[in-house]
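In: 3D model of this:
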Amino acid sequence: MPRTGSRSPVKSSTKSSQGGFKLRCFSVFCGGRNEPLPHSLQLFADNVLLKLQPETPSAVRIAQRANAAAKMSKPNGKALLRRFLLPKTRMQSDDDDDEAIEQIDVSAESNLAPVFLPEPADTAAKQWFNILEAPRPDDTVGYLRRHLADSRAPRLQSPFTLAEERVFAPFDACKEVTFPFLTFQWKSALNGGTMKEAERQASRDGAALVNSMHQLLKAAYPRADPEPQHTAYISITCDMRTAVAWIHWRQIDDESNITYEMERLAQSFCNDHEFMRRIRAVIKNATEYALGPRLKTIRSAIEVLKEKLEADGSVAQVVSQQIVPQLHLATPSASSTVSDSPARKRPRLDAVDESLQYQQLVERG
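Out: Sure thing, here's the model as predicted:
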């Protein structure tokens with residue numbers, strides 16, 4: 001079973017009837033707006049996320065168990081289906097399991113850092129709400145942390161060193177796994193759960209995780225606008241009867257208004273193994289992309305941040321100089337190891353060189 005992250009002791013007091021309105025006050029939208037995907041993101045969805053995968057027994061096994069899961073509580077229904085839906089990680093699997101995937105991990109009920117949530121859209125929205133509830137997916141899939149990889153016997157592969165994790169720590173939204181690329185929200189009618197509730201929770205997860213990746217790339221390349229596919233991520237909502245795969249992205253219009261969008265990629269009844277293959281394919285494609293081009297994007301950003309750290313002398317100085325809302329950044333504590341001495345001024349990077357550097361990254365990814 002996956003590790004369980006920390007739980008927030010504060011329960012949401014927001015009425016479900018206010019949920020959609022509250023999210024809209026923060027420019028977070030739950031899909032169904034007929035909002036077209038940006039062109040590059042549509043190409044990414046068509047050519048990467050929606051490509052067919054070889055048939056495996058997992059979709060059939062989900063379909064065989066779905067009717068029973070729909071009559072169970074959320075914990076029991078989830079336990080019946082999740083092992084056939086989530087990626088099989090090396091951390092969670094037997095050593096001789098050839099299907100287990102290296103370098104990723106799954107964490108259950110992990111809180112995502114609320115500092116990455118958007119602020120109210122305007123003063124009118126702020127009169128209603130000040131903050132969104134902290135996001136907490138039921139399952140979060142991301143890169144395996146180094147200290148956990150080293151702790152397991154035999155040792156596992158982790159994509160980042162401990163030193164690299166310290167470099168990108170200000171931009172990482174999850175303590176249990178690094179830079180999540182896939183989350184799950186589960187519901188059961190037996191517990192009063194609805195798909196609409198799962199979608200709203202997923203939209204909140206999406207806003208935080210898209211912002212996390214956006215801020216990482218903006219810190220590394222402050223004069224370049226990150227491509228949507230470099231900050232997008234995937235979520236799955238499931239109420240034991242229906243499963244939906246969503247893509248989340250950050251959008252900015254001609255008037256510089258920022259919104260956080262999500263739209264369906266695939267949808268299936270859980271007892272229909274043919275359509276469940278499509279959901280499974282999105283999950284597998286997202287995982288393969290995360291271990292390929294996405295990981296290269298993050299590594300390239302880390303290398304740029306390392307260079308800036310060598311010039312600036314502290315993580316805090318690098319972060320504070322980027323185009324990042326200050327309310328979204330964790331403030332180093334008094335006991336932090338960051339130096340209290342005045343940071344050296346970083347030599348100004350040439351804007352043309354920096355844009356070219358990011359463009360080369362886009363072409364490679």
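
In: Check for me that R136 belongs to a helix.
Out: No - the secondary structure assignment for R136 gives coil rather than a helix, going by DSSP: H, G, I helix; E, B strand; the rest coil.

In: so it touches A108, yeah?
Out: No - counting by CB atoms under 8 Å, A108 is not a contact partner of R136; they are 10.1 Å apart. For the C-beta atoms, the positions are set from N, CA and C on the backbone; glycine is no exception.

In: Looking at these two, which one has more neighbours?
Out: When R136 and A108 are compared on other CB atoms under 10 Å, the one with more neighbours turns out to be R136, at 20 against 17.

In: Relative to N47, how far out is that one?
Out: 32 Å (CB to CB, to the nearest Å).

In: how about the residue nearest to Y143 when sequence neighbours are not counted, phi and psi?
Out: The shortest distance from Y143 to any non-neighbouring residue, by CB to CB, 6 or more residues apart in numbering, is to T178 (4.4 Å). Here is the backbone geometry of T178 (degrees, to the nearest 10): phi -100, psi 140.

In: Tell me, how many residues neighbour T178?
Out: Considering only other CB under 10 Å, T178 is surrounded by 24 other residues.

In: For it, give me the pLDDT.
Out: Per-residue pLDDT puts T178 at 93.

In: That one touches T161, doesn't it?
Out: No - in this structure, T178 sits apart from T161 without contact. The criterion is CB under 8 Å, and the distance is 11.6 Å.

In: Just list the residues touching the residue nearest to Y143, thanks.
Out: Applying CB atoms under 8 Å, 6 or more residues apart in numbering to T178 gives the contacts 142-145, 160, 165, 168, 172.

In: go with 10 Å
Out: Contact partners of T178, counting by CB atoms under 10 Å, 6 or more residues apart in numbering, are 104-105, 142-146, 158-160, 164-165, 168-169, 171-172, 298.

In: Of those residues, select the buried ones using a PyMOL command.
Out: Only the buried members of those end up in this PyMOL selection, burial being decided by 16 or more other CB atoms under 10 Å:
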select buried, resi 104+105+142+143+144+145+146+158+159+160+164+165+168+171+172+298
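
In: Do a quick rundown of the strands in the stretch 151-300 of the chain.
Out: In the stretch 151-300 of the chain, the strands defined using DSSP state E, counting those that start in this stretch lie at 178-186, 233-238, 242-252, 258-269.
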